[in-house]
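Trainee: Here is my input, please return the structure:
(2 chains)
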Amino acid sequence: MLRRSAPALLLLLLAGAWLVPQRPGDTTLRLASSDRSHVDQLLSAVGDLPINAMVLVACDADLGTYPEIRAATRALLADLAAHGDRTAMVSYTPEGRAIAAAERDRIARAGGTPPLDLGFVSGSEAGLVRGIASILPAATTGVLADEIRKRGGGIGAFDLVVVISGSDLSARSWVEQVGARLPKLKLAAIAPTFLDPELEPYLGSGQLVALLATLREGVGYAEAIGGDAVAGPASTPAPLPMLVGMLVALAALGEAALRRTGRVRTAAGRRPS
Amino acid sequence: MRRSLVTAAALVSGLLVLLDLLVVNPSLGEAAGALNELLVLLVAAAAVGGGATLVAHHLRALASGGDDPIGSIVLLVGMAAIVVAGLRPGSSGSSDPVVLWLVAALLAPLAASLFALLFLFLLRAVRRGFALRFRETAVMAAAAAMVIVLLLPIGGQAGEWLTATAGWVRAVPLGGVFRGLLIGVGVMVAISAARSLLTLDRDDE
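Mentor: Residues are numbered from 1 along each chain as shown, chains lettered A, B, ... in the order given. I've put the predicted structure just below:
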């Protein structure tokens, strides 16, 4: 009976934990990383940009892992807007395009000016290489579009590229395909944790100027920018339901191991001598 | 003959891209650019071909009374909805409000639900794993439990210690293994590419 109703009980437990509000200033539960080195790198990468800098946000996140980096991505867009940077968004994957369009729509609904839409570019890595020569759709107009054309019309027109990773075409593809051809272009990345071991060496070598690749770093960055007040309501994951889910997982793992160990011992005890 | 043509095309394309990376020459750049344009078209054609094959497969499955007619219908209706919303006259493509609604109200929650279900499926898989292969599953479950403990969202001194340890695990053991794998894969890809360019196969060994 208990086993059958376990998923429903788990859902109820998580919903209950989600509804419990966290007291302001309470640090018993904390998602943001205490190590601020990666957060500071992205803050510097944006803060050190010249006035009226042009920033390209390459949104190629994955719908499944995007909730992990949503807070950091929204905080970045808010930070760029606060600095007065001129931002454009492009995607090389269909899912990334869907997320980029939704983020632009969210900014417009909130009364802000969404980043210039450079749309979806097909061709995966070949499309990325093509973007070095020309990234601007022919029909795109406006001050920023004119400025991009004036600077050559390709990816090299931008002062900084921030890659929102998660799909097959991650910051690694940018370093390999674009970084090798435009070595002076600054590349930064926001990525879910599973990409961290792949991307961390690029940060060490300087091919990425900044990298946020864990939920804790992302939440730390969002908090440094202004939290949900800037990134949007409920952008940052709540720590209590996460803690409850993790403790349930630990308990389930322990129970499964103990049950199996108990069965093996019982079977050994029943064996005829 | 057919194999030689493919190999020759791969050899010429590879050398052209490599030379374009190494030598600054406008003509070479234009030739490499044209080759890249062809590649973009090839990828787009492959994507359209893949979609068409998927539709044909599910139409055939429906016609022959396959195992999962509801699944086939849902897939075909879903594909049709997105295609019609994005390509109907007057639509603004992927920025069209109907496409945005389909993504935000259907696709994103469905993907999130599937990922949330992974939590339950993984726990169930571990339970089964313990029954089938105890030792291997025990090692995997112990590693998973350790990672969960290191990522517990708690504050204070304990939280700082957990964060620092999680960072070390990511940077040293996990990073080392991952980089080793990547280097190994890179070496194998380079060897395979060189063998392909030099038209070597098993008969030459």
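Trainee: Give me the local confidence score for the residue nearest the centre of chain A.
Mentor: For chain A, the residue sitting closest to the mean C-alpha position, by CA atoms, centre = their mean, is A:Ile69 at 2.8 Å. A:Ile69 is assigned 93 on the pLDDT scale.
Trainee: give me the element it is part of.
Mentor: helix A:66-82 (DSSP states H and E).
Trainee: residues in contact with that helix?
Mentor: Taking CB atoms under 8 Å, 6 or more residues apart in numbering or on different chains as the criterion, the residues outside helix A:66-82 that touch it are A:42-43, A:46, A:55, A:57, A:59, A:61, A:87, A:99, A:103, A:106-107, A:112-113, A:115, A:162, A:164, A:166, A:190-193, A:212, A:215, A:217-219, A:221-222, A:224-226, A:228, A:230-232, A:235-237, B:112. C-beta: built from backbone N, CA, C; applies to glycine.
Trainee: any weak-confidence spans in chain A?
Mentor: Segments of chain A classed as low confidence (criterion: pLDDT under 70) are A:1-2, A:231, A:233-234, A:264-265, A:269-273.
Trainee: Please enumerate the strands of it.
Mentor: Under the criterion DSSP state E, chain A carries strands at the ranges A:54-59, A:86-91, A:116-120, A:160-164, A:186-190, A:210-212.
Trainee: which helices and strands sit right next to the shortest one?
Mentor: Helices and strands in packing contact with strand A:210-212 are listed as helix A:37-47, strand A:186-190, helix A:196-205; criterion 3 or more CB pairs under 8 Å, 6 or more residues apart in numbering or on different chains; DSSP states H and E.
Trainee: Mind doing that once more with 10 Å?
Mentor: With contacts defined as 3 or more CB pairs under 10 Å, 6 or more residues apart in numbering or on different chains; DSSP states H and E, strand A:210-212 has these neighbours: helix A:37-47, helix A:66-82, strand A:160-164, strand A:186-190, helix A:196-205, helix A:215-225.
Trainee: could I get the ones you listed as CSV with distance to B:Leu102?
Mentor: What follows is these, written out as CSV (distance: least, CB to CB, whole Å):
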stretch, distance to B:Leu102
helix A:37-47, 33
helix A:66-82, 17
strand A:160-164, 21
strand A:186-190, 26
helix A:196-205, 31
helix A:215-225, 27
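Trainee: Indicate which one of the ones you listed is closest to A:Arg3.
Mentor: When the helices and strands packed on strand A:210-212 are compared for distance to A:Arg3 using CB to CB, the nearest one is helix A:66-82, at 28.9 Å.
Trainee: in that closest one, what's buried?
Mentor: Of all the residues in helix A:66-82, those buried under the rule 16 or more other CB atoms under 10 Å in any protein chain shown are A:66-81.
Trainee: With respect to A:Phe120, which of the residues you listed is nearest?
Mentor: The shortest distance between A:Phe120 and any of these, using CB to CB, involves A:Tyr66 and amounts to 16.4 Å.
Trainee: Beyond the one helix or strand B:Asp20 maps to, next helix or strand please.
Mentor: Using DSSP H and E, B:Asp20 sits within helix B:2-22. Counting by DSSP H and E, the next helix or strand C-terminal to helix B:2-22 is helix B:26-63.
Trainee: Would you mark the buried spots in that following helix?
Mentor: Neighbour counts using 16+ other CB under 10 Å place B:Leu28, B:Ala32, B:Gly33, B:Leu35, B:Asn36, B:Leu39, B:Val40, B:Val43, B:Val55, B:His58, B:Ala61 of helix B:26-63 among the buried residues.
Trainee: Next one: it, is it in contact with chain A?
Mentor: Yes - remark: helix B:26-63 sits within contact range of chain A at B:29-30, B:32-33, B:35-44, B:46-48, by CB under 10 Å from any CB of the partner chain.
Trainee: The helix holding B:Asp20 - what's its average pLDDT?
Mentor: Confidence over helix B:2-22, taken as the mean pLDDT, stands at 80.
Trainee: what's the answer for stretch B:189-205, then?
Mentor: Rounded mean pLDDT across stretch B:189-205 is 73.
Trainee: okay, among the buried residues of helix B:26-63, which ones form the most distant pair?
Mentor: In these, the most distant members under the criterion CB to CB are B:Leu28 and B:Ala61, with 49.0 Å between them.
Trainee: hang on, B:Leu59 packs against B:Ser72?
Mentor: Yes - applying CB atoms under 10 Å, one finds B:Leu59 in contact with B:Ser72, separated by 7.9 Å.
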